[in-house]
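> Just a sequence and a predicted model for now, questions to come.
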Amino acid sequence: MEKKKLASALAILGLGLIGTVYAIATIAVMRGDGRISFTYRAPFSPQDIMMLAIQVCSVVLCIIGIIMLSGLKSDMPAVSRKVTKTQRLVESGILLALGFVLSIIKVRLVAGGGSITMVSMLPIVILAFKYGPSWGALCGFVHGLLQVLEGGGIAPPTRDFMSFAAVFILDYALAWAAVGLIAGFVCKFLSNPQISIALGALLGIAGRYLCSTVSGMVIWSVWMPEGENVFLWSLGVNGIVMIPEMLITTVVGFAVLAIPVIRMNVSRSHI
């Protein structure tokens, strides 16, 4: 039985990796200059829609394969199980890497605005569910640092030290840490993994939305049209990205945990 599970997990993961390689190669050819960019901007062409669908399916297959592999040697019920510190670090590293890959695939609805990623915050929510709010906040903070390295950070309109520090704290460090912290506290009081992950994603991303709104009011309001209410303006500008991301991550988290093999392997753990 264990060999069959291993074969199934490897087959699913293999299909996901093949789809990912195919998407990368096809995008490089489509660009014509060998550049690879996973950011899709409206209006979307049929090719964009096709490639985005392939990437989504490939990543979903990779997620399922990784989760199946991680739970092969665990027949314990999905309530609570003990793990070593090394296991926690390895599992967190894999999920953070997965979240980083998911964050590269972006859909940009408004020119100059933020981008909707492909449920890149879901791995943080899962880690917060498994290991609690403190570990979730730490993983969120690390993910925020990775976002700075990947995108080079966003230069504030007023380019002084305090403005750069405020952008780093509000848009990256605190915003992403809030996802894991809030999701961890929410999941702590719920026993159903499906509801825990879904509600944790909803409220955790709402915490990031709040940080982005404050950042918009404090830092980015210099770009606000004259006569606008600063709070409503920031809430609306950030909501274009954060509300769809919040809803998509919540729905996908609930749907993914509905798969028995995943729900069985996503269990609360303790050291």
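That came through, no problem. From a predicted model like this one, the values you see are computed outputs, not experimental measurements.
> I'd say residue 88 and residue 132 touch.
No. Applying Cβ atoms under 8 Å as the test, residue 88 and residue 132 come out as separate, 10.8 Å apart. To be clear about C-beta, it is placed using only N, CA and C from the backbone, and glycine gets the same treatment.
> Check the secondary structure at residue 258 for me.
Following DSSP: H, G, I helix; E, B strand; the rest coil, residue 258 is assigned to coil.
> Around it, count how many other residues there are.
Using other Cβ atoms under 10 Å, residue 258 has 11 neighbouring residues.
> residues touching it, list them.
By Cβ atoms under 8 Å, 6 or more residues apart in numbering, the residues touching residue 258 are residue 194.
> Got the phi and psi for residue 228?
phi -80, psi 150 (degrees, to the nearest 10).
> Any idea how many residues pack against it?
Residue 228 has 13 nearby residues by other Cβ under 10 Å.
> likewise the one 5 residues further on?
Taking other Cβ under 10 Å as the criterion, the count of residues near residue 233 is 19.
> Next, give phi and psi for residue 227.
Per degrees, to the nearest 10, the backbone of residue 227 is at phi 90, psi -10.
> Tell me which residues of the helix or strand hosting residue 142 come out buried.
Element membership of residue 142, judged by DSSP states H and E, is helix 133-151. Residues of helix 133-151 classed as buried: 133, 135-144, 146-148 (neighbour count, 16 or more other Cβ atoms under 10 Å).
> cool, stretch 228-235 as well?
Going by 16+ other Cβ under 10 Å, stretch 228-235 has these buried residues: 233, 234, 235.
> can you tell me the helix or strand for the closest residue to residue 146 other than its chain neighbours?
Nearest non-adjacent residue to residue 146, counting by Cβ to Cβ, 6 or more residues apart in numbering: residue 100, 5.1 Å away. In the assignment (DSSP H and E), residue 100 maps to helix 85-104.
> What is that helix packed up against?
Counting contacts by 3 or more Cβ pairs under 8 Å, 6 or more residues apart in numbering; DSSP states H and E, helix 85-104 packs against helix 46-70, strand 116-117, helix 122-131, helix 133-151.
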